[in-house]
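>>> attaching a predicted model along with its sequence, questions to come.
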Amino acid sequence: MPEPRLYALVPCAGVGTRAGQGGPKQYARLAGRPLVAHTLEALHRIPELAGVLVVLAPGDDRFAAELPQYAGWVAHVGGDTRAASVAAGLEELVRRGARAEDWVLVHDAARCLVQPEWVQTLIAACRDDEVGGLLALPLADTLKEDVAGRSAVTLERRGKWQAQTPQMFRLGLLRRALTQARGEVTDEASAVEQLGLRPRLVPGSLENFKLTYPQDFELAERLLRSRP
Ligand SMILES: Nc1ccn([C@@H]2O[C@H](COP(=O)(O)OP(=O)(O)OP(=O)(O)O)[C@@H](O)[C@H]2O)c(=O)n1
Ligand SMILES: C[C@](O)(CO)[C@H](O)COP(=O)(O)O
C-alpha cells in the first residue's frame with residue numbers, strides 16, 4: 001500500500017457579501033497583493049503537500065489574470081455554498097488521481113494569515129489519527145445570546161471552541177460525510193460529526209482568523225506588513 005499523500009483544497013468561490021470590498025474578497029488587495037495570494041504562498045511553503053487545488057466560481061476569470069503562477073491547479077467547480085464548493089473540489093482531486101486514503105486539508109482562501117508551521121502542527125497531530133481533525137481555538141470570552149441587540153442570556157463557554165481551517169480528513173471519509181450530511185454544514189468537521197465521529201481539536205492561533213467583515217481587512221494588512 002503506497003504512503004497516503006496530503007493535498008490542500010482551497011474553497012475560493014465565495015462572493016464576500018459581509019466583507020464590503022465591492023467584489024469577491026479573495027481578490028481584495030492586501031499588502032500589495034490579492035488576498036488569496038497570501039493564502040497560497042503559505043500553503044505552497046509546506047513540503048508535505050502533494051498539491052494545492054483552488055476551487056473557483058464558474059466563470060471566474062480574475063484568478064488566471066491576477067495569479068497566473070497558480071493557474072495550473074484550479075477548478076471552476078464552485079457551488080452555491082462552501083460545502084458544495086468543497087464537495088466539488090474533492091471530485092476534482094479524484095479526477096487528478098487522489099485516492100480515498102489520501103488526506104485532504106481544506107483551508108479557506110479567506111484565512112490568508114495562515115502560517116506553514118500551524119498547518120504542520122495539524123498534520124503531525126492528525127496523520128496517525130483514525131478520524132482527522134482541525135485547527136481551533138478554545139473560547140476565551142464570555143458568550144452572550146442577544147435579543148434585539150441586547151444581551152439576554154450568558155451561555156456556558158466551558159468546552160467550546162471556535163473552528164478554524166485547515167480541517168484535515170481522509171478524502172474517502174470526507175466525501176462520504178459531505179454526501180450524507182443533513183442541515184447546514186458550515187465546516188467539514190460538522191459533516192464528519194454527523195457520521196458519529198469526533199474530529200481532533202488542535203489548538204491554533206488567534207492570527208489565523210477568517211477575513212469576514214470590513215474591519216478585518218485593516219487588521220490583516222497590519223499583521224501582514226509586520227511580518228519579516
Ligand atoms: N459558495 C461558496 C462560499 C464560500 N466559499 C469559500 O469559503 C471560504 C469561507 O467562506 P466565507 O467567509 O463565508 O466567504 P464568502 O462566502 O465569500 O463571504 P460571505 O459569506 O460574507 O458572502 C471563503 O474562502 C470562500 O471563498 C466557497 O468556496 N464557495
Ligand atoms: C469553515 C469555517 O471557516 C470554520 O470556522 C467557517 O465555518 C466558514 O463559515 P462561513 O459561513 O463560510 O463564513
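Received the coordinates, thanks. Residues are numbered from 1 along each chain as shown. Ligands and ions are numbered 1, 2, ... in the order given.

>>> up against ligand 2, what does the protein have?
82, 108, 163-165, 186-187, 210, 212 (Cβ under 6 Å from any ligand atom). Every C-beta, even on glycine, is put in place using the N, C-alpha and C of the backbone.

>>> of these, which ones also sit close to ligand 1?
82, 108, 210, 212.

>>> count of residues packed around the residue nearest to the last one when sequence neighbours are not counted?
Of all residues beyond its chain neighbours, the one nearest residue 212 is residue 18 (5.4 Å), with distances taken as Cβ to Cβ, 6 or more residues apart in numbering. Neighbouring residues of residue 18 were enumerated by other Cβ atoms under 10 Å; the total is 13.

>>> if I look at residue 18, how far off is residue 6?
Residue 18 sits 31 Å away from residue 6, going by Cβ to Cβ, to the nearest Å.

>>> for residue 55, same thing?
17 Å.

>>> can you check residue 111 too?
Taking Cβ to Cβ, one finds residue 111 at 18 Å from residue 6.

>>> who has more neighbours out of the two?
residue 111 (23 against 20).

>>> got the contact list for that one?
Contacts for residue 111 were tallied using Cβ atoms under 8 Å, 6 or more residues apart in numbering; they are 39, 164-165, 208-211.

>>> quick one: contacts of the strand ranked longest in the chain?
In the chain, ranked by residue count with DSSP state E as the criterion, the top strand is strand 161-170. Here strand 161-170 makes contact (Cβ under 8 Å, 6+ apart) with 4, 6, 8, 100-108, 111, 114, 119, 122-123, 126, 131-139, 177, 187-189, 192, 199, 201, 204, 208-210.

>>> how about stretch 79-90?
Here stretch 79-90 makes contact (Cβ under 8 Å, 6+ apart) with 9, 11, 13-14, 53, 55, 75, 77-78, 104, 106, 108, 171, 174-175, 178-179, 181, 185-186, 188, 191.

>>> inside strands: which ones of the residues you listed?
9, 11, 53, 55, 75, 104, 106.

>>> check contacts around the one residue in the chain that gets nearest to ligand 1.
Closest approach between the chain and ligand 1, counting by Cβ to the nearest ligand atom: residue 14, at 2.1 Å. For residue 14, the contact set (Cβ under 8 Å, 6+ apart) comprises 24-26, 82, 85, 109-110.
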